[in-house]
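In: got a predicted structure here, sequence first:
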Amino acid sequence: MSEKKIREPLLIELSIPGRRGVRFPEPDVPQAQLPEHLLREDLPLPEVSEVDVIRHFTRLSQYNHAVDTGFYPLGSCTMKYNPKINEDMARLPGFAYIHPLQPEETVQGALALMYHLQKYLAEIVGMPGVSLQPAAGAHGEFTGILIMRAYHRDQGEHQRNKVLVPDSAHGTNPASSAMSGMRVVEIPSDERGNIDLVALKKECDETLAGLMITNPNTLGLFEEHIEEVVNAVHEAGGLVYGDGANLNAFLGIARFGDMGFDIVHLNLHKTFSTPHGGGGPGSGPVAVAEHLKDFLPGPIVDIVEEGDPPTYGFVWPKKSIGRVKAFYGHFGVMVRALTYILMMGQEGLRKVAEMAVLNANYLRVMLQDTYHIPYNRLCKHEFVAEGRWPDAPDIKALDISKRLMDFGFHPPTNYFPLIVKEALMIEPTETESKATLDAFIAAMKQIAREARENPEVLKTAPHNTPFGRVDEVKAARELILTWHDWSTVDSRRSIVDSR
Amino acid sequence: MFVPHTPEEIQEMLRAIGVEKIEDLFADIPEKFRHPKQIDLPPPMTEMEVAEELQHLAEANDNVRDHLLCFLGAGAYYHYIPSVIDHILRRGEFYTAYTPYQPEISQGTLHAIFEFQSMVAALTGMEVANASLYDGATAVAEAVNMAYHVFRGKRPKSVLSPFIHPQYLATVRTYYEHSDREVVVPDLPVEASPEALIEFIDDRTSLVMVAYPDFFGRLYDLQAVADAAHEKGALFGVVANPLALALFKAPGEYGADMVVAEGQPLGIPLSFGGPYLGIFTTRKKLVHKMAGRLIGESVDSRGQRVYVMTLSAREQHIRRARATSNICTNNALMALAATVYMALLGKEGLREVALLNYHKAHYAAQRLSQIQGFELAFPDVPFFNEFVLKTPSSVKDINDFLLDHDILGGYDLSQDFPQLDRHMLLAVTEMISRDDIEFLAEVLEEWVA
């Protein structure tokens, strides 16, 4: 195997036997006897200094594109600016240093915070019951499906085991349904990008548990027949689940509850400005209509004694599905989201949606002559373009994405939703300026020209980034998943084994 | 507040779009659903005001750094977090990035996760670790699911030790109640050792799972139960405290097929229960059935070593309803915290902290069991940094008294184990000094008197 050029070593390569990072105090108690038969012999971890650690991770950080370094129009991910004050608030000692099992009387501030966040989220979506426990969007979906099942069983309708999912849905929707043991049936989209009503109604029978629907859908389009869709499902005895991943589109303007939804999950890490952390942690609270409140996962926070201030405590909904994780959810993320909601208020939240939709439509219109937009109508917070042209047959959406990096932009989401060929899913969010959007438009137009005039520059992109195009096939073939795996694929085993 | 447009720019953009006003952009939402009436949110605050408001809420809590002496563990532990860790986590390049879908501009995250996978594999003695799950509870739930799929549903049964964290067991029950996964948690006497699980293992069993240390802090040699599971063709899983693994035999050494853990002890703040870190590891031959993201090494077009998400065909964004799990967003930033923590402490430091925990907990156990009416519940079983103390009256009464002295007492086990009325689970970490232990002992003595 050929040697690879190393830009930044791994910790194991920086390691020198005997080198130390942080030290801890000497024990101030007598040494107890250790159970020899249970001890491990060796702990093969790296040995590096504090300076090594700081420089290593600082250099690594500089290889990342992030919201703080530039435009990040990754569709369906709502990469808006993450206010810095959120970070400070989550680290207040009164939040960061409280134990989840402390007596409730010692954590009234934390409980009040959760209570108010539950209440505000309930107001925002127009549904009375909220549990903050789910850890992320997909976890919220799974929770929602469990609520759906518990409700039907409670009604004596054990046969309801079918969940309908539009073909434009996020992959987590069918995966979450399947994980709970439900049967998933995919519903096609019509030519305007709406759910196909005829196909939907055909599946509305006595085995229907419910429909999972993203609105606006992953094309960024508001479901034009939402009322009919909801009614069809309800008439068949099913429940309507809303994937709130795209709530940025009508925050403060419309509410799931008013549209008749029974269950929704929210992504605090999308809509409510908490950071994505390079893949998480998120937070996926679930909100439900009145008839489902008793089924929410517990515990949730309520006022247990009126007063000024009232006393807050954890309570269990009467027919709760149980808990879906340890403790109460991602509290640190809740602190950030509440900070954001308090700063925005209703008007601020509405402005978020207005500007997110303005930005998306501006990009759509400015790019529609250059890129084919298969469902080209008024969009909400995002839209989907095709990354291909008949007169540039070799160019794929991926090439456009890689070339965009040369202009300092993160690419849009690629190859999703599946119903658009060579999809480029673009979500600018409300926090981007017109100047940024104009620069992005100019880059997209230049790339479209290059696709015809100099396709090679796209095929070999990116050029201006610290790393070139990555061989993903090799990664899957060799499966080097830890530095211990080196010994099986090349001679560098000595690096590891000498430790 | 975080919207940059001037009114002129908005007008210009509306003109470009071809509409007159902002409201026109929402014409596709049926009018009856548009513009809800005034909703019940407080009026917007400035940063200055919100900082004051949140400070006020934070101060309404008694925290374990400034107010309370913490002997409470039970799945969340107060450990020292070196300054370096938060300095790295607060780099916007890390915390404001998304999942590293585009490897050319995400090498920071990808490289760090590869290091996380490598160090977690070393710590657990396993071959592969994923890029994280939500927490210890959901990691156990994913282990049950994975074992079910390894045997393609033909072995529907999982046998879980009743001494796994009660909230983890509760989570597993929520996940799989009414599904075809059969979760068996035998009702064993609390003195039972893990071998008591053996009689529940049969050829319908896909997974046998044990906690190490268990919920009562106890450490057992798990070789016999591991062998028994394998004899019946089942997988053997361990849910571990990762800090304990710095000192005690890695489950990989005694044949574990999956090791999962709550990663919170590795540099993650208590933060009222989350976000924490789900650690999930397995053997390489089972990697195709594993949930979650996985980072592999490769090369770029310039011959440079790079890292990239791999085996994505297991995941929901490719396989949809047939994915190994629905997980998408995970707890990557917490995995970064654990990575920096393990790097900074390293081989010696991690062992040093584990030893501090061990010695202090043992000193405390010895000191407290000398008090009239108090004794160790399991005096002959080794433990790490947590142990069960029998108390002369209800734990709640004792804890109320301790709280009056600004001591956060141990976990009241009667909440989950009715037979353990008057039993307290105490955790002693490196944050507790000998004087603190003496103080606790004196207050308990005062209470006895």
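Out: Perfect, thanks for sending it.
In: give the contact list for residue A:284.
Out: For residue A:284, the contact set (CB atoms under 8 Å, 6 or more residues apart in numbering or on different chains) comprises A:134-141, A:143, A:265-268. For every residue, glycine as well, the C-beta is placed using N, CA and C.
In: filter the residues you listed down to the ones close to chain B.
Out: Applying CB under 8 Å from any CB of the partner chain to those, one finds that A:135, A:136, A:137, A:138, A:139, A:141 fall near chain B.
In: I'd say the third one and residue A:247 touch.
Out: The one in question is residue A:137. No: using CB atoms under 8 Å, residue A:137 makes no contact with residue A:247, being 10.9 Å away.
In: buried set for the longest helix along chain A?
Out: Determined from DSSP state H, the single longest helix within chain A is helix A:331-367. Using 16 or more other CB atoms under 10 Å in any protein chain shown as the test for burial, helix A:331-367 gives A:331-346, A:348-367.
In: filter the residues you listed down to the ones close to chain B.
Out: Filtering the buried residues of helix A:331-367 for neighbours of chain B using CB under 8 Å from any CB leaves A:331-333, A:335, A:338-339, A:341-346, A:348-349, A:351-352, A:354-355, A:357-359, A:361-362, A:365-366.
In: hang on, the earlier thing: hey, what's in contact with both of residue A:137 and residue A:247?
Out: Common contacts of residue A:137 and residue A:247 (CB under 8 Å, 6+ apart): A:267, A:270.
In: ok, residue B:448 - how many residues close by?
Out: 14 (other CB atoms under 10 Å in any protein chain shown).
In: name the nearest residue to it, ignoring sequence neighbours.
Out: Leaving aside its chain neighbours, residue B:448 sits nearest to residue B:372 (5.2 Å; criterion: CB to CB, 6 or more residues apart in numbering or on different chains).
In: so which bits of the stretch 151-300 of chain B are right by chain A?
Out: Contact residues (CB under 8 Å from any CB) of the stretch 151-300 of chain B with chain A: B:165, B:167-168, B:170-171, B:173-175, B:177-180, B:219, B:221, B:245-250, B:253, B:262, B:269-276, B:284, B:287, B:293-300.
In: of the residues you listed, buried ones?
Out: By neighbour count, with 16+ other CB under 10 Å, these hold B:165, B:167-168, B:170-171, B:173-175, B:177, B:179, B:219, B:221, B:245-250, B:262, B:269-276, B:284, B:287, B:293-300 as buried.
In: in strands only, show me these.
Out: If you go by DSSP state E, these have B:262, B:295, B:296, B:297, B:298, B:299 in strands.
In: so what's the second one bridging to?
Out: Counting by DSSP bridges, residue B:295 forms beta bridges with residue B:309.
In: tell me the contacts of it?
Out: Residue B:295 neighbours (CB under 8 Å, 6+ apart): A:481, B:110, B:113, B:114, B:117, B:131, B:307, B:308, B:309, B:310.
In: make sure the second one is actually in contact with residue B:310.
Out: No: contact status for residue B:110 versus residue B:310: not in contact, 10.2 Å apart, counting by CB under 8 Å.
In: helix/strand/coil for residue 118?
Out: Defaulting to chain A. Three-state assignment for residue A:118 (DSSP: H, G, I helix; E, B strand; the rest coil): helix.
In: same question, the one 3 residues further on
Out: Three states are possible here, and by three-state DSSP the one that applies to residue A:121 is helix.
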